[in-house]
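**Student:** need a structure here:
(one chain, ligands or ions: 1)
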Amino acid sequence: MAKKNKLENISVKEVFSRIIWPKRGMLLFGLVLILLRSAATIIPPKATQYLIDDVVIDGDLQELKLTVGLIVLAIIVQAVTSFTLTRILSVQAQKLIAKLRVQVQKKILSLPINFFDSQKSGALVSRIMTDVEGVRNLVGTGFVQLIGGAITAVAVLFILINTNAKLTALIVLPIILFGVIAMKAFGVLRPEFRKRGKLNAEVTGRLTETLNGVRVIKGFGAEQQEIKIFEKGVDSLYKVVKKTLTATAFVSSSATFLLAGVASTSILGLGGYYIMEGTMTPGELFAFIGLLAVVVAPVLQMSNIGSQITEAFAGLDRTEEIMQTPSEEDDTSRTEELGIIHGEVKFDQVSFAYEEDDDVIKNVSFNAPAGSVTALVGSSGSGKSTIAGLAATFLNPREGTITIDGTDLSKVKLRSFRSQLGVVLQDDFLFEGTIRDNILFPRPESTEAELQAAVKAAYVNEFTDRFEKGLDTVIGERGVKLSGGQRQRLAIARAILADPRILILDEATSNLDTESESYIQQSLNELMKGRTTFVIAHRLSTIKRADQILVIEKGEIAEQGTHDELIAKEGRYYQLYTYQARI
Ligand SMILES: Nc1ncnc2c1ncn2[C@@H]1O[C@H](COP(=O)(O)OP(=O)(O)OP(=O)(O)O)[C@@H](O)[C@H]1O
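**Tutor:** Numbers count the residues shown, from 1 in each chain. Here you go, the predicted model:
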């Protein structure tokens, strides 16, 4: 079951051990570069002090050249270290983002079907692509700058105390005040950043649905409705972003006001007075102000980085929520590895509920011998898809057992079962690519001969032969559009190639012309041959050739038998058969 939106904060310790520690070598190198850069930033003010107080006064031309040379060198070191730092750390951060995206996508694909029922696909896309981006602030320049900045600030503070303790005291108070403001602001920011991630996912999710459903929206002239919903979503997103911007701006401007404003003007005033008094040289004051900038710059930077890191944590909180959701395979009771199966499926008093205490399948028992075809018929909402979902292990019984060749399906390792399962659904999933890729996708390692055999068995070549590029024709948004019947045959070819022992078939209801219909029937016959098939049947021809028909009513088996038996019985099936043209 998907964990209900209860967000646990990911702890600093966890982030440290999982994200920062593995990159320690590179981060340490980054730190060394930062310290080197900091040392280089201290040189110009100190050298200038020497220049003003000694070199110029002494008129020593040689020393003047040397001092200016040293300043130039320091500036070059600053430039080179800054470049290397950004280059190395940012690239590493992007590498980590790529890795995390892969992990999150893998995890999401491992989650049970009911997780997807409760999530918008667009929202999941945003979780995979956007939520992990924040880590660039942890591994990128952010974290290292935070540490490096703090070390530099403390070191320079010592130099300042050494130069003039009283003046230094003047700047400590505003720095502490700023620290308090920043901490408060970050506390406010984290939930807001998290909310932003959630809203972003929601808006993206709805947008994806809108674009996918554009035919229905236009068909009902409902564009205005969608525009309003999107506007509302975007507006909430904007409001949250505004709030985070306000908090971040408040932090940076209070830093500018307290540190650059209050601290530096007081120093200018008091320092000027000291010069008049003769207790400080102009060079010392100049150096002091220059060094003050070296202290203030990382503190200012820290305020920015602080919010970036807060953002990173918020994103990781959301990623963590996904990573903590139990995967299908996490079920510790799934220990049995299935070998090659015959395919006998038995339902023994199976009940199932989507919502607690509301059984949609009640006490269903039947036996599907290996290689037999079981047709599920019944009115809409009676539970046909749910039974098929149970047989496919997409759902697990609440009560009762389903066995495969006598092994309890709920104890079986999913991979060992699903590798022998095939599903062909209504309006089956085809992706943009060639027809060949679409058929090969469950079994990419198949040989050309196997592929050709599947293509023939499903009568796909009947239409691909007419395409100039045959099986290599691109289909989808930017390629050839296939008709409903052609799509179905392609999906059938895919299933034939996969050669499953158990087949779940949700027959498409679309009306096809007689020629297409006959191709589909023949390819379905080919597909079902020798496989245990559960078919949610809409074609009379499929139902007639089924070994058994289960008539499902309100989650129960109302009748069971072959077509002839059930017609002779003149019960529910007979009614459905005679009153409805299609079942
Ligand atoms: N994911 C779900 N969450 C909650 N309830 C569901 C879910 N899927 C189906 N149901 C409910 O379970 C019942 C059986 O649905 P099911 O899809 O199995 O019926 P069906 O016979 O396949 O219907 P149809 O022929 O219309 O596809 C219905 O009442 C439906 O509303």
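**Student:** tell me, how many neighbours does residue 405 end up with?
**Tutor:** By the criterion of other CB atoms under 10 Å, residue 405 has 15 neighbours. C-beta coordinates here come from the backbone N, C-alpha and C atoms, glycine included.
**Student:** Quick check: it touching residue 343?
**Tutor:** Yes - with contact defined as CB atoms under 8 Å, residue 405 and residue 343 form a contacting pair (7.2 Å).
**Student:** Need the residues touching each of the two.
**Tutor:** Common neighbours of residue 405 and residue 343 (criterion: CB atoms under 8 Å, 6 or more residues apart in numbering): residue 370.
**Student:** Quick check: residues of this structure near the ligand?
**Tutor:** 117, 354, 360, 378, 380-386 (CB under 6 Å from any ligand atom).
**Student:** Check pLDDT for those residues and point me to the minimum.
**Tutor:** Least confident entry in the residues of the chain next to the ligand, by pLDDT: residue 117, with 81.
**Student:** how much space is there between that residue and residue 394?
**Tutor:** Note on residue 117: its distance to residue 394, by CB to CB, to the nearest Å, is 10 Å.
**Student:** ditto for residue 135
**Tutor:** In terms of CB to CB, residue 135 sits 33 Å off from residue 394.
**Student:** ok, now residue 159?
**Tutor:** Applying CB to CB, the value for residue 159 to residue 394 is 67 Å.
**Student:** and the two? which has more neighbours close in?
**Tutor:** residue 394 (20 against 17).
**Student:** For the more buried one, give me phi and psi.
**Tutor:** phi -70, psi -30 (degrees, to the nearest 10).
**Student:** hang on, the earlier thing: now tabulate the residues of the chain next to the ligand in CSV and tack on secondary structure, distance to residue 169 and neighbour count.
**Tutor:** Formatted as CSV, these follow (DSSP: H, G, I helix; E, B strand; the rest coil; distance: CB to CB, whole Å; neighbours: other CB atoms under 10 Å):
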residue, secondary structure, distance to residue 169, neighbour count
117, helix, 64, 10
354, coil, 68, 13
360, strand, 74, 19
378, coil, 85, 25
380, coil, 80, 5
381, coil, 78, 12
382, coil, 82, 20
383, coil, 78, 24
384, helix, 80, 22
385, helix, 75, 18
386, helix, 75, 21
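**Student:** could those be laid out in JSON lines, adding distance to residue 481?
**Tutor:** Shown next, in JSON lines, are those (distance: CB to CB, whole Å):
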{"residue": "117", "distance to residue 481": "29"}
{"residue": "354", "distance to residue 481": "35"}
{"residue": "360", "distance to residue 481": "36"}
{"residue": "378", "distance to residue 481": "33"}
{"residue": "380", "distance to residue 481": "29"}
{"residue": "381", "distance to residue 481": "32"}
{"residue": "382", "distance to residue 481": "34"}
{"residue": "383", "distance to residue 481": "34"}
{"residue": "384", "distance to residue 481": "30"}
{"residue": "385", "distance to residue 481": "27"}
{"residue": "386", "distance to residue 481": "33"}
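**Student:** out of these, who's nearest residue 308?
**Tutor:** Ranked by distance to residue 308 (CB to CB), these are led by residue 117 at 35.4 Å.
**Student:** doesn't residue 550 fall inside a strand?
**Tutor:** Yes - counting by DSSP: H, G, I helix; E, B strand; the rest coil, residue 550 is found in a strand.
**Student:** how near is the nearest residue to residue 236 once chain neighbours are set aside to residue 206?
**Tutor:** Excluding its sequence neighbours, the residue lying closest to residue 236 (CB to CB, 6 or more residues apart in numbering) is residue 199, at 5.6 Å. Separation of residue 199 from residue 206 (CB to CB) stands at 11 Å.
**Student:** Mutual contacts of the two, please.
**Tutor:** residue 233.
**Student:** got any ranges where this protein has weak pLDDT?
**Tutor:** Along the chain, segments meeting pLDDT under 70 span 1-13, 15, 140-142, 302-304, 427-428, 477-479, 509-513, 579-583.
**Student:** Mind checking which residue lies nearest the centre of it?
**Tutor:** The residue lying closest to the centre of the chain (CA atoms, centre = their mean) is residue 128, at 1.5 Å.
**Student:** show me what contacts that one?
**Tutor:** Going by CB under 8 Å, 6+ apart, residue 128 touches 101, 104-105, 108.
**Student:** Buried residues, the helix or strand hosting residue 493. List them.
**Tutor:** Here residue 493, judged by DSSP states H and E, is contained in helix 484-498. Judged by neighbour count (16 or more other CB atoms under 10 Å), helix 484-498 contains these buried residues: 485-498.
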